[in-house]
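Trainee: coordinates only, sequence not included:
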C-alpha cells in the first residue's frame, strides 16, 4: 500500500514570507511518481509538478521550488515571497506502476497568505 | 477551450433519491476518474476508467455507479445506497492510465443531501 502524509493542515503567513509545505510518502515500489497540485477556491485542482523516483534534482519554477529527497521519502514544496494569490489548498500525490497507477493524495495543506 | 466540464456546480438531493453527476472532456484523453473530497480531507478515488466500456472500482465505490459509453463522457450516479453522499465530487482525466501521467480536473460538483 502507498500513503502520502501532509502533516501541516493549515499554514498562515504574511505576504512576502517564504513558506514550505511538507510531504512525506510511503511506497514499496522502486519506480514511482510524485505530484503537487493546487486547489484554488474555485475548486478544480491545477497540476504544478511531477517528479519520477529516479530524478532527485531539485526544481525551481519562478517563485516555486521543490526538494525531493529519497533518503527521507520527502517531496517538499517552497513558495518564495508568497503572494495573496498563492492562497489555496495544496495536495501532494503519489502514483506507482505496481499500485495500479492510481494517484494517492495526501490530506492537503491549506495555505493562507495575508496582505 | 479544451478541458473538463462538470455539471451542475451545485446539486441538492433528497434522501432516498438517486442523482447523476455529469463529466465531459474534450481533451481526447483515454482515462477518466471520479474522486470524492470531504472537508479537510484529501481526495479519495471512487471509480476510474482507462478505456471506453470498461471501468474499475476505486477505494470507496460502494453506493456509486458509473458508465463509460463514450470516450468523452463519464457520468457518476450517487445511489440511495450511499450512506453519506454530501461531499465535493471531482472528475479528472489523463492522456492514459500510466502512473507518470498528470491528471486534469474539472471544477467539481458540490452535492448536498437535504
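Mentor: Thanks, I have it. Nothing here was measured: the structure is a model prediction, and the numbers come from that model.
Trainee: okay, CA-based contacts and neighbour counts for the rest of this
Mentor: Will do.
Trainee: the bottom helix or strand of chain A by mean pLDDT?
Mentor: Least confident element among the helices and strands of chain A, by mean pLDDT, DSSP states H and E: strand A:59-61 (a mean of 89).
Trainee: now tell me what touches that one from outside.
Mentor: By C-alpha atoms under 8 Å, 6 or more residues apart in numbering or on different chains, the list of residues contacting strand A:59-61 from outside reads A:65, A:66, A:67.
Trainee: which helix or which strand is home to the first one?
Mentor: Right, residue A:65. Taking DSSP states H and E as the criterion, residue A:65 maps to strand A:64-69.
Trainee: what's in contact with that strand?
Mentor: A:56, A:57, A:58, A:59, A:60, A:74, A:75, A:76, A:77, A:78, A:79, A:80.
Trainee: redo that, cut-off 10 Å
Mentor: Residues outside strand A:64-69 that contact it (C-alpha atoms under 10 Å, 6 or more residues apart in numbering or on different chains) are A:20-24, A:34, A:36, A:48-49, A:51-53, A:55-60, A:74-82.
Trainee: show me which residues of chain B are close to chain A?
Mentor: By C-alpha under 10 Å from any C-alpha of the partner chain, the residues of chain B that approach chain A are B:4, B:33, B:37-45, B:48, B:58, B:88-92, B:97-110.
Trainee: each with direction, which strands does the strand holding residue A:65 pair with?
Mentor: Here strand A:64-69 has these sheet partners by DSSP bridges: strand A:59-61 (antiparallel), strand A:74-79 (antiparallel).
Trainee: give me the distance from the longest one to the chain's centre.
Mentor: For strand A:74-79, the distance between its averaged C-alpha position and the chain's averaged C-alpha position is 6 Å (C-alpha atoms, centre = their mean, to the nearest Å).
Trainee: which SSE is the residue nearest to the spatial centre of chain B in?
Mentor: Most central in chain B under C-alpha atoms, centre = their mean is residue B:34, positioned 2.8 Å from the mean C-alpha point. For residue B:34, the host element (DSSP H and E) is strand B:31-37.
Trainee: for the following helix or strand past that strand, packing partners?
Mentor: On the C-terminal side of strand B:31-37, the closest following helix or strand by DSSP H and E is strand B:43-51. Where contact means 3 or more C-alpha pairs under 10 Å, 6 or more residues apart in numbering or on different chains; DSSP states H and E, strand B:43-51 is packed against strand A:104-105, strand B:31-37, strand B:54-57, strand B:64-66, strand B:87-94.
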